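Engineer: Below are the sequence and a predicted model for it; my questions follow.
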Amino acid sequence: MPPVMGAGAFIMAELIGIPYVTIALSAALPAVLYFFAVGMGIHFYARREGYREMSAQEIPAWGETIRVSGFFLIPFLVLAYWLFSGFTPQYAAFWAILSTLPLAFLDESWQLDIRQVLSRVKRAVQQGARQAALIASICASAQIIIAIIAFTGLGVKVSSHILTFSGNSVFLALLLTGMTSIILGMEVPTTAAYIVAVVVGGPVLIELGVPPLAAHLFVFYLAILSAVTPPVCGAVFIAAGMAEADWVETAKFGLRLSFAAFLLPFLFALEPSLVLIGSPFAVMVTVARAALALVLLSAGFMGYLNSALEMASRLALIAAGIMILVPDFWTTVVGVMMGAFTWFASKRMARERGEISGDD
């Protein structure tokens, strides 16, 4: 999620020679749509299970929330300010780090606490050094892999095979490159997986007409998905452990929530207007189509729209969402009509069950 997208995004800026700020702005819409899809999935699931909102007394006050979040917001805002002012990431990070030093003198209640300053600074330096060493080792290892790929000609061979199998079809090339990115992401950290995959698949996508920024963001997205893609799904294991839940069921549920991360890269690779390449009108149309499709898909995967859905209605919603995403006018129109019909049918069913009144 921009403006801080992880180490891979900074490396992307170096590889394609585009300012980091431009990459962050271009990646903003897909990121917002992804979290929108996750939110809609949780909403439909909560409605299906009969959950209700929290009472006003249970919700923390804004003042308390801001007070606790201030330790994160201050360096975040400093970093964002310098980045969007046109300075280098290194310069922005330097001032963001300096902005955290005065915070070491305060406790969680924003009261002066001199006794813990040295221990806090020590922990911060140690943790920062560990993370920096990890990223440096990843980049160094990735460079070795890239050099081997270049010297042995493996990258050229894989790229040529992708071109051969795809038959100059952009969609098939995206599919093969995406599978490569996911597989690489299962074995190595995201940054290294992105670097290696983009060296292999990036030139193919660019040769087939995908804009360089969209091609790199496509690989970047798919390389991250190993966090929720079995059998690795590291984030799923952590979430299942915290929730004391079965990891297989958690993985299934996680895939239903994060499906947008699998679809959005294909959408902005085929329609670069989603990453702000094109006219403002094209951007608005693409965003509207994507948002509608994600709502229908979320409802279909979670099995709820106005009321609990039968399997036929769920399949109809999933089909409608996919059709809306297809870059063809009449296919989109048919998808919208299918989605509208299913929505009205679910609302009628909800009235018959007494879940909503006739005036709703």
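Structural biologist: It's in. Numbering: from 1, shown residues only.
Engineer: which helices and strands sit right next to the helix or strand hosting Lys347?
Structural biologist: Element membership for Lys347 (DSSP states H and E) is helix 329-353. Secondary-structure packing of helix 329-353 (3 or more CB pairs under 8 Å, 6 or more residues apart in numbering; DSSP states H and E): helix 280-302, strand 304-305, strand 307-308, helix 311-325. All C-beta spots, glycine's among them, are computed from the backbone N, C-alpha and C.
Engineer: Any chance you could list what contacts the longest one?
Structural biologist: Going back to what we said before, that points to helix 280-302. Helix 280-302 has contacts (CB atoms under 8 Å, 6 or more residues apart in numbering) with 29, 33, 36-37, 40-41, 43-45, 48, 256, 259-260, 263-264, 267, 271, 273-274, 276, 305, 309, 313-318, 320-322, 324-325, 332, 335-336, 339, 342.
Engineer: Just checking the distance from the helix holding Lys347 to the centre of its chain.
Structural biologist: Computed by CA atoms, centre = their mean, to the nearest Å, the chain-centroid distance of helix 329-353 equals 28 Å.
Engineer: tilt between it and helix 311-325?
Structural biologist: 150 degrees (axes from the mean of the first three to the mean of the last three CA atoms, to 10 degrees).
Engineer: Helix 329-353 versus helix 280-302: what angle between them?
Structural biologist: Using the same axes, to 10 degrees: helix 329-353 against helix 280-302 is 40 degrees.
Engineer: returning to that earlier point: quick one: which of the helices and strands packed on helix 329-353 has the weakest pLDDT on average?
Structural biologist: Averaging pLDDT over each of the helices and strands packed on helix 329-353 singles out strand 307-308 as the lowest, with a mean of 82.
Engineer: That strand pairs with which strands, parallel or anti?
Structural biologist: Strand 307-308 sits in its sheet next to strand 304-305 (antiparallel), going by DSSP bridges.
Engineer: Export the helices and strands packed on helix 329-353 as a markdown table, with columns for mean neighbour count and distance to Ala193.
Structural biologist: As requested, the helices and strands packed on helix 329-353 are arranged in a markdown table below (neighbours: other CB atoms under 10 Å; distance: least, CB to CB, whole Å):
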| stretch | mean neighbour count | distance to Ala193 |
| --- | --- | --- |
| helix 280-302 | 20 | 25 |
| strand 304-305 | 24 | 35 |
| strand 307-308 | 20 | 39 |
| helix 311-325 | 19 | 25 |
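Engineer: So which of these is nearest Phe165?
Structural biologist: helix 311-325 (23.0 Å; CB to CB).
Engineer: what's the closest one packed up against?
Structural biologist: helix 280-302, helix 329-353.
Engineer: residues contacting the residue nearest to Ala316 when sequence neighbours are not counted?
Structural biologist: Spatial nearest neighbour of Ala316, chain neighbours left out: Thr342 (5.0 Å); criterion: CB to CB, 6 or more residues apart in numbering. Applying CB under 8 Å, 6+ apart to Thr342 gives the contacts Leu296, Leu305, Ser313, Ala316, Leu317, Ala320.
Engineer: Those residues into JSON lines, with extra columns for distance to Val204?
Structural biologist: Below are the contacts of Thr342 laid out as JSON lines (distance: CB to CB, whole Å):
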{"residue": "Leu296", "distance to Val204": "32"}
{"residue": "Leu305", "distance to Val204": "39"}
{"residue": "Ser313", "distance to Val204": "39"}
{"residue": "Ala316", "distance to Val204": "35"}
{"residue": "Leu317", "distance to Val204": "34"}
{"residue": "Ala320", "distance to Val204": "32"}
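Engineer: okay if I get the helices and strands packed on helix 311-325 as CSV plus distance to Phe220?
Structural biologist: What follows is these, written out as CSV (distance: least, CB to CB, whole Å):
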stretch, distance to Phe220
helix 280-302, 18
helix 329-353, 27
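Engineer: Of these, which is nearest Leu225?
Structural biologist: helix 280-302 (16.3 Å).
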